[in-house]
Each structure stands twice: as C-alpha cells, then as structure tokens.
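Trainee: Everything below, folded, please.
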Amino acid sequence: MKIGILAPGHAPEALRPAHGDYPDMFMRLLGEEGFTFRLWDVEAMEFPDSPSEAEGWLITGSRHGVYEGHAFIAPLEAFIRETYAAGVPMVGICFGHQIIAQALGGRVEKFGGGWAVGPTDYEIEGTPLTLNAWHQDQVLAPPEGARTVGHNPFCAHAALLYDGRAFTLQPHPEFDTPFIKGLMDTRAPGVVPEEHLAGARARMDVPVSSVTTARRIARFFKERS
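Mentor: All right, here's what the predicted structure looks like:
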C-alpha cells in the first residue's frame, strides 16, 4: 500500500542529523507495516495532482498554525476536501489533525489553557494511552461528521474519526523521548512556559504507546484500502 506523506513543516534543522525530518519519523514508526511512501513538501508548495496518487494520505505536524495565512494552507485544505470526497483514507497528526478539521468545517484556535508538552495521558477509543504531545493549538469544535474518539481533561478532541475516511490525532506517536528533549532545547525557549517544561521533564521516563498507536494507524489504512 502506497502512503503519500504531506509535510506542511519541518523538524528543527539542528535536530535533523540525529532524528531525521517529520516524514522520516513516520516512515520509521510505520516501517514494519509493509507500506511504501512518497513525500510531498507542501510547505514548499509541492502538491499531488490528485488523491489517486496514493492509496492513503498522512499529514504531519508543523510549527505553523492552521489559521495563519501561509500560501500552502488554502491548497492543502482544498486537497483534503477532494480526498475526503473521493474516500481515500487520511491520517493527520497534530497540525494534520487540526488542518483536516478546519478544512472540513471545524474550528481550531490557540488554546487559552496553555501548552501540552511531553508524555501526556489520553483515553483513545476507550483505551488509556500515553503519547508525547507538543501543542498549544487545539480543535475546539470538530466538523460535522467527525466523532471524538480520544480526549483528556486538557484536550477535549484529541482524536477524531470521520466516517471511516479519516483518523486524526493531536498527540505525536512519531516523537520519541530524545526528540522531545531536543524540542525543549531548540523550540521551547521563550515560547513554552517553564512550568510546562518542568512538568514534562518530570515525566520523561514514562513509557509512551507509540507502537500501539502505529498499529492502529496501519489498521485504519489497511481496512480502507
């Protein structure tokens, strides 16, 4: 099965030699599932010609906000709507979770409650899971047709399922502990309040459920291929 990866942003340049970019992390995460991959750098305005260029689509995270006026936002939303109408399965993570919601009529905003950083506990599809988080923006109102299947007290819509056509997550199953530590060093200073960082550092030894989540993502794609 061919998965098209749409990258609306990139990992910090200082972290890429050790960790790779966001698409590399997803290819590692899903590497045992028998997929092939092709990448489009949508931040650089590289877009597929049609949803049929892949059998499933994955939209990665980004440092950008989905409500910002970047040139790639409108064409990415148009591609999401076209893909949804065509019934080609989509998975969105963090920014991907938010842009799919926004493209289909939901509301995304910078959350007044602050940041979620590092190992964070969720209930997703009835199962307690711990996954790494790195966000302040949230889906505050899902679009019509989306069902909330994951949440915690901080994030009411942490996972959404769209009539079998899309499965999206606010947390990052692709982020491991060393990468989260790297983000704290490179992107957090002056942006993420120290109390949030201190809370994350205190939980760095908590195991995360990346393998379980990777299997769920793979199953979603395969069941709809």
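Trainee: contacting residues for the residue nearest to residue 179 when sequence neighbours are not counted?
Mentor: Leaving out its chain neighbours, the residue that sits closest to residue 179 by C-beta to C-beta, 6 or more residues apart in numbering is residue 19, at 5.0 Å. (Each C-beta comes from the backbone N, C-alpha and C, glycine too.) By C-beta atoms under 8 Å, 6 or more residues apart in numbering, the residues touching residue 19 are 11, 25, 176, 178-179, 182.
Trainee: Strands of this protein, start to end?
Mentor: 2-6, 36-40, 56-59, 90-93, 107-110, 116-124, 127-135, 137-141, 146-151, 159-162, 166-169 (DSSP state E).
Trainee: Quick check: mean pLDDT of the fourth one?
Mentor: What that stands for is strand 90-93. Model confidence over strand 90-93, given as mean pLDDT, is 98.
Trainee: before we move on, what about the fifth one?
Mentor: Across strand 107-110, pLDDT averages out at 96.
Trainee: Buried residues in it, which are they?
Mentor: Under the neighbour-count criterion of 16 or more other C-beta atoms under 10 Å, strand 107-110 has residue 108 buried.
Trainee: helices or strands up against it?
Mentor: Other helices and strands packing on strand 107-110, by 3 or more C-beta pairs under 8 Å, 6 or more residues apart in numbering; DSSP states H and E, are helix 95-103, strand 137-141.
Trainee: Show me how far stretch 17-37 is from its chain's centre.
Mentor: How far stretch 17-37 lies from its chain's middle: 14 Å, per C-alpha atoms, centre = their mean, to the nearest Å.
Trainee: May I have that stretch as CSV, with CA atoms only?
Mentor: Coordinates of each C-alpha in stretch 17-37 appear next as CSV, following Å, rounded to 0.1, in the frame of the first residue of the first chain:
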residue,chain,number,x,y,z
PRO,A,17,21.0,14.9,11.7
ALA,A,18,20.1,12.8,14.7
HIS,A,19,16.4,12.3,14.2
GLY,A,20,15.6,13.0,10.6
ASP,A,21,12.6,15.1,9.5
TYR,A,22,9.0,14.5,10.3
PRO,A,23,8.4,12.2,7.3
ASP,A,24,11.4,10.1,8.3
MET,A,25,9.9,9.7,11.8
PHE,A,26,6.6,8.4,10.3
MET,A,27,8.4,6.0,8.0
ARG,A,28,10.2,4.6,11.0
LEU,A,29,7.0,4.4,13.0
LEU,A,30,5.2,2.5,10.3
GLY,A,31,8.2,0.7,8.8
GLU,A,32,7.1,-2.8,9.8
GLU,A,33,3.6,-2.5,8.2
GLY,A,34,4.6,-3.1,4.6
PHE,A,35,3.8,0.3,3.3
THR,A,36,5.7,2.3,0.6
PHE,A,37,5.9,6.0,0.9
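Trainee: Make 31 the first number, not 1, from now on.
Mentor: Noted, 31 is the first residue going forward, which turns the last one into stretch 47-67.
Trainee: For it, buried residues please.
Mentor: Buried, per 16+ other C-beta under 10 Å, within stretch 47-67: 49-57, 59-60, 65, 67.
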